[in-house]
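In: Starting from these lines, generate the structure:
(one chain, ligands or ions: 1)
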Amino acid sequence: MKKILRFPDGFLWGAATASYQVEGGIENCDWAEASRKGRVPICARACNHYNLYESDFDIVQNLGHNCHKISIEWARIEPEEGVFDLNEAAHYKNVIASLRMRGLEPFVNLWHFTLPLWFSRSGGFENPQSVERFTRYAEFVAKEILGDVKFVLTINEPLVWAGNGYMHGKWPPFKKNPQAYKKVWGNLVKAHIAAYKTIKLIRPEAQIGIAKHNMYFKALGPNPIQYIREALYKYFWNRRFLNKIKNHQDFIGLNFYFYRPLGKPFGKTFEKLPPLPKSDMGWDIFPEGIYHALMELTQYHKPIYVVENGLADADDSRREAFIRGYVANVHRAIENGAPIRGYMHWSLLDNYEWAEGFEKRFGLVEIDYKTLERHIRPSAYFYKNICETNTLELEEPELELKSEKY
Ligand code: BGC
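Out: Modelled structure (predicted):
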């Protein structure tokens, strides 16, 4: 039994990238410094997207997308405290204009994980002055770069960034310090709110949000402790930050990657379940998870855009099924009342996957890092058909929509 899922008119379809992961040539940020010290892989020229963005956007246009998410590299714009580089501002203005020229609605993210060296050296977001500093940067971007950009994100995944940098010691500044984590968490809330207000004054028509990394937590066992854990995780990981900024966001950007079952499956139905398929990162592929994550966000009564969702899949053997399953579940959430207005796949290009370097392949487009040639993966054409028709055809609707036993 086939089923055709139609998306609302005007639905936005696209892909996402982030400056440090694709641009290349950024040497004055904390990640570049950490790589020089051998603590994280070297990024160097990455995909050279900084110079090749026009031809990359030609690919995007040919793939039928109608929106695209980028980020601006703070270290390029403000290489020294209070000193703003107008040439770099012009560069990003050109990037935005070239998206528009190709009919692509830009989503512009102000900050995706990497910090200017002067900022990280002066305490990063642990320093209370960080709020003012970030707001000054946001003000410059609003005045000099954004123009008529409608969708603006201030911060990408505050909890992932703070967790890896201040609790797990995996990312710059490599701390394992709960006190510092707490401070940073609080300053990120303040930084978002202050930046929101500042951008709104300059660009009242802009829609401003953050990209929030939420997971689908699910208690599996009969043990009541798992249900308590589920409620706590949902609150502390998914909602607490959003609650703090709920009066200062016009939409919610969802980055969705993880299904986190809690406890062990129980009962006869679980005994014969095969393990879930996995991406090259070893992450479970569980399309139904995005449905639950989206439904949880409906309580904020704000438009929702999926601004990242994807997988590492070097041989492209799972990406098509991944897209089919996750997009089908986005549709299911829309049918159940979730105000979802767009979906952006992570990522357009293979890129620098932070502490993992270049090995993991998240792109709809493959990069040959020796020649920098781009090769469009077959799954990108499958996605193109969805984008161009604004529909998804399911061969096995039951299978593709639900897998409730897990
Ligand atoms: C981040 C990206 C990252 C992706 C895959 C997201 O959490 O925003 O920068 O590459 O996950 O790990």
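In: which residues of the stretch 201-350 of the chain score low on pLDDT?
Out: For the stretch 201-350 of the chain, applying pLDDT under 70 flags the ranges 266-273.
In: For it, what lies in contact range of the ligand?
Out: By the rule Cβ under 6 Å from any ligand atom, the part of the stretch 201-350 of the chain lying against the ligand is 213, 255, 257, 308, 346. Backbone N, C-alpha and C define where each C-beta goes, glycine included.
In: hmm, 8 Å instead?
Out: Taking Cβ under 8 Å from any ligand atom as the criterion, the stretch 201-350 of the chain approaches the ligand at residues 211, 213, 255, 257, 281, 308, 310, 312, 346-347.
In: Would you write a ChimeraX line that selects the buried entries of these?
Out: Only the buried members of those enter the following ChimeraX selection, criterion being 16 or more other Cβ atoms under 10 Å:
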select :211,213,255,257,308,310,312,346,347
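In: list the buried ones in stretch 291-305?
Out: 291-294, 296-298, 300, 302, 304-305.
In: export those residues to JSON lines and tack on secondary structure and distance to residue 374?
Out: As requested, these are exported to JSON lines (DSSP: H, G, I helix; E, B strand; the rest coil; distance: Cβ to Cβ, whole Å):
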{"residue": "291", "secondary structure": "helix", "distance to residue 374": "32"}
{"residue": "292", "secondary structure": "helix", "distance to residue 374": "35"}
{"residue": "293", "secondary structure": "helix", "distance to residue 374": "31"}
{"residue": "294", "secondary structure": "helix", "distance to residue 374": "31"}
{"residue": "296", "secondary structure": "helix", "distance to residue 374": "36"}
{"residue": "297", "secondary structure": "helix", "distance to residue 374": "34"}
{"residue": "298", "secondary structure": "helix", "distance to residue 374": "38"}
{"residue": "300", "secondary structure": "helix", "distance to residue 374": "38"}
{"residue": "302", "secondary structure": "coil", "distance to residue 374": "35"}
{"residue": "304", "secondary structure": "strand", "distance to residue 374": "31"}
{"residue": "305", "secondary structure": "strand", "distance to residue 374": "26"}
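In: Show me the longest helix that occurs in the protein.
Out: Assignment by DSSP state H gives helix 178-202 as the longest helix of the chain.
In: My guess is residue 158 contacts residue 241. True?
Out: Yes: look at residue 158 against residue 241 with Cβ atoms under 8 Å: they come within range, at 5.9 Å.
In: returning to that earlier point: will you turn the residues of the stretch 201-350 of the chain next to the ligand into CSV that also has secondary structure and distance to residue 362?
Out: Output for these, formatted as CSV (three-state DSSP; distance: Cβ to Cβ, whole Å):
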residue, secondary structure, distance to residue 362
211, strand, 15
213, strand, 15
255, strand, 12
257, strand, 10
281, coil, 9
308, strand, 10
310, coil, 5
312, coil, 5
346, strand, 6
347, coil, 5
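In: wait, which of the residues of the stretch 201-350 of the chain next to the ligand is closest to residue 221?
Out: Taking Cβ to Cβ as the measure, residue 221 lies nearest residue 257 of these, at 23.5 Å.
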